[in-house]
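>>> Got a predicted model here, sequence first, then my questions.
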Amino acid sequence: MLEPDATRIADIGPVPAIGSPGTVVGFDLDMTLADTRDAIGAVYEALAAETGVAIDVAAVVARIGPPLETELAYWFPPADVPAMAERYRALYAGIAVPATVPMPGAAEALEAVRAQGARVVVVSGKNQADTERTVRFLDLPVDGVVGGLFGTEKAAALRLHGASAYVGDHTGDVDAARAAGALSVAVATGAFDAVALTSYGADVVLPDLLAFPGWLGTFATGGGRPG
């Protein structure tokens, strides 16, 4: 069994070298580049206070990743979910964005990609406006931002931007990379630990983004290349 701080590279065949002309690396946002646990929790606390509905915020935070409507369905009747989603998004900019902090190693990971001559695109399940707000608030140096996509839906955006790799914390991000024909780089900083991400089939599993620059340096020089 893989230890939680280990790296796994599957035999997936050749992928474009990061650092070659036009190469793009995609990153998820929540729990990959941005620590949104307190931020999202605060919005759900506000919703609970407004509606009188008892929401287990700890359970919500433990599941960060899937679409907003999926989470809201745990707490509200189906007919109320659209209105609650609208209210959540109305609250998000003022409550959540200022409470968001970078994940450890986020700045270094993006710097490492740029040092290899590659570009960065963020592809997130968060709606477009709040994805842009979060990226702007954290001052993340990225070349493109796409929001409102989850799982294999992300593949279209990754293909459009020509991403050779996609970095994320969720099994849905592994699905996205597979569907896009990109290298799946998983960080065990969200709802899934390294063992779960490995078992699911991520090509590379890292404990966090702090480990990303070292892995990328090896990969880019061919030492960590699959196949």
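Now that the structure is in, tell me what you want to look at.
>>> Can you pull up the most central residue in the chain?
The centroid of the chain falls nearest to Asp28 when counting by Cα atoms, centre = their mean (2.4 Å).
>>> doesn't Gly168 make contact with that residue?
Yes - contact status for Asp28 versus Gly168: in contact at 3.5 Å, counting by Cβ atoms under 8 Å. In this view, the C-beta of every residue, glycine as well, is placed from N, C-alpha and C.
>>> Could you tell me how many residues sit around Pro66?
Residues within reach of Pro66, counting by other Cβ atoms under 10 Å, total 14.
>>> Can you name the helix or strand that it falls in?
Using DSSP states H and E, Pro66 maps to neither a helix nor a strand.
>>> For Phe150, see how far away it is.
Shown here: Pro66 relative to Phe150, a distance of 6 Å by Cβ to Cβ, to the nearest Å.
>>> same thing with Thr198?
21 Å.
>>> before we move on, back to that, which neighbours do Pro66 and Phe150 share?
125, 172 (Cβ atoms under 8 Å, 6 or more residues apart in numbering).
>>> Flag the shaky bits of this protein, pLDDT-wise.
For the chain, the stretches with pLDDT under 70 are 1-22, 220-227.
>>> all helices for it, in order.
37-51, 57-62, 68-72, 81-95, 106-115, 128-138, 154-160, 171-180, 194-200, 212-220 (DSSP state H).
>>> With mean neighbour count as extra columns, can I get the ones you listed in a markdown table?
Formatted as a markdown table, those follow (neighbours: other Cβ atoms under 10 Å):
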| stretch | mean neighbour count |
| --- | --- |
| helix 37-51 | 18 |
| helix 57-62 | 15 |
| helix 68-72 | 18 |
| helix 81-95 | 16 |
| helix 106-115 | 19 |
| helix 128-138 | 19 |
| helix 154-160 | 20 |
| helix 171-180 | 24 |
| helix 194-200 | 19 |
| helix 212-220 | 19 |
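>>> mind giving me a markdown table with those helices and columns for distance to Ala186?
Conversion of the helices of the chain to a markdown table gives the following (distance: least, Cβ to Cβ, whole Å):
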| stretch | distance to Ala186 |
| --- | --- |
| helix 37-51 | 18 |
| helix 57-62 | 17 |
| helix 68-72 | 20 |
| helix 81-95 | 26 |
| helix 106-115 | 13 |
| helix 128-138 | 20 |
| helix 154-160 | 14 |
| helix 171-180 | 6 |
| helix 194-200 | 4 |
| helix 212-220 | 11 |
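>>> Ok, which of the ones you listed comes nearest Val187?
helix 212-220 (7.3 Å; Cβ to Cβ).
>>> chain center to that closest one: distance?
19 Å (Cα atoms, centre = their mean, to the nearest Å).
>>> what angle do that helix and helix 106-115 make?
Orientation of helix 212-220 against helix 106-115 (axes from the mean of the first three to the mean of the last three Cα atoms, to 10 degrees) gives an angle of 20 degrees.
>>> Could you list every helix and strand that helix 212-220 packs against?
Using 3 or more Cβ pairs under 8 Å, 6 or more residues apart in numbering; DSSP states H and E, the elements in contact with helix 212-220 are helix 106-115, strand 183-187, strand 204-206.
>>> mind redoing it with 10 Å?
Helix 212-220 sits against strand 24-27, helix 106-115, strand 163-168, strand 183-187, strand 204-206, with contacts defined as 3 or more Cβ pairs under 10 Å, 6 or more residues apart in numbering; DSSP states H and E.
>>> nearest to Thr51, of those?
Between the helices and strands packed on helix 212-220, strand 163-168 lies closest to Thr51; by Cβ to Cβ that is 31.1 Å.
>>> Pairing partners for the closest one, with directions?
Strand 163-168 has the following sheet partners, assigned by DSSP bridges: strand 24-27 (parallel), strand 183-187 (parallel).
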